[in-house]
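*Asks:* Test case, fold it:
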Amino acid sequence: MTYSSSATGILLAAGLGTRFDPSGIHNKLLAPLPNGTPVVFQSARRLLSVASSVIAVVRPGAEKLAEVLNEAGCKVIFSIDAERGMGATLAVAVRATADAEGWLVALGDMPWIEPATIEAVARPLDAGARLVAPFYRGTRGHPVGFGIEYGAALATLDGDAGARGIFAMETPTVIEVNDRNVLRDVDLPGDLSDG
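*Replies:* Numbering: from 1, shown residues only. A predicted model of the protein is given here:
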């Protein structure tokens, strides 16, 4: 790791991924990438390349997922609120890390984001920016950075809108990146290719 952010990493990994497998048998986060690495393991390692501490949130019953995340280097918490959506899951993580100096929030199904992109978001956050987001060709992507000023607001989120309300109220520090992977996630089995 060449740069170590003072922000705490949060990896959201509690979704059901029903578009990937409507039967619910195969968790997309455990699906192997072409190199054999599970999606969530690579997502976690990329976030850990910049954030020295990462907390991952999974849903109850996702023991295999928790095991993979622990192996990657994350602290794992199980959220009974996961069924209420991404906002509730993010709130659980922020409450569990209330002493953080800021948060870098990434999604478990976005394994291709370049470490340099994560660092580009972390640096202004560490320098005091309140809200930071990468943009690729005008579209906001992930991960996003939240300063400590947003701790209380993040801790009370609920539902599936995540932190969209915060972005509706404040313009983030925009980090223009040449990394289309800030927009690229795994929704369907065909998304697993390197293409």
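
*Asks:* rest of the way, CA atoms for contacts and neighbours
*Replies:* Will do.

*Asks:* And the strands in this structure?
*Replies:* Taking DSSP state E to define them, one finds strands in the chain at 8-12, 54-58, 75-78, 103-107, 131-136, 139-140, 144-146, 173-176.

*Asks:* tell me the angle the fifth one makes with strand 103-107.
*Replies:* Pointing back at strand 131-136 there. Between strand 131-136 and strand 103-107, the angle formed by their directions is 40 degrees, by axes from the mean of the first three to the mean of the last three C-alpha atoms, to 10 degrees.

*Asks:* before we move on, what about the second one?
*Replies:* Going by the same axes, to 10 degrees, strand 54-58 is angled at 40 degrees with respect to strand 103-107.

*Asks:* partners of strand 54-58, with directions?
*Replies:* The strands that strand 54-58 pairs with in its sheet are strand 8-12 (parallel), strand 75-78 (parallel) (by DSSP bridges).

*Asks:* okay if I get the strands of the chain as TSV plus distance to Ile166, mean pLDDT and mean neighbour count?
*Replies:* Listed next are those as TSV, based on distance: least, C-alpha to C-alpha, whole Å; pLDDT from 0 to 100; neighbours: other C-alpha atoms under 10 Å:
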stretch	distance to Ile166	mean pLDDT	mean neighbour count
strand 8-12	17	98	28
strand 54-58	21	97	27
strand 75-78	24	97	18
strand 103-107	14	97	26
strand 131-136	9	98	24
strand 139-140	14	96	14
strand 144-146	10	97	27
strand 173-176	13	96	17
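
*Asks:* how about those strands in a markdown table, adding distance to Arg123?
*Replies:* Formatted as a markdown table, the entries for the strands of the chain read as follows, by distance: least, C-alpha to C-alpha, whole Å:
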| stretch | distance to Arg123 |
| --- | --- |
| strand 8-12 | 13 |
| strand 54-58 | 17 |
| strand 75-78 | 23 |
| strand 103-107 | 11 |
| strand 131-136 | 10 |
| strand 139-140 | 17 |
| strand 144-146 | 10 |
| strand 173-176 | 10 |
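
*Asks:* Out of the ones you listed, which gets nearest to Leu65?
*Replies:* Taking C-alpha to C-alpha as the criterion, strand 54-58 is the member of those that comes nearest to Leu65, at 7.5 Å.

*Asks:* measure the residue nearest the centre of the chain to Ser23 for me?
*Replies:* With distances taken as C-alpha atoms, centre = their mean, the residue of the chain nearest its centroid is Ala106 (1.6 Å). Spatial separation of Ala106 from Ser23 under the definition C-alpha to C-alpha, to the nearest Å is 26 Å.
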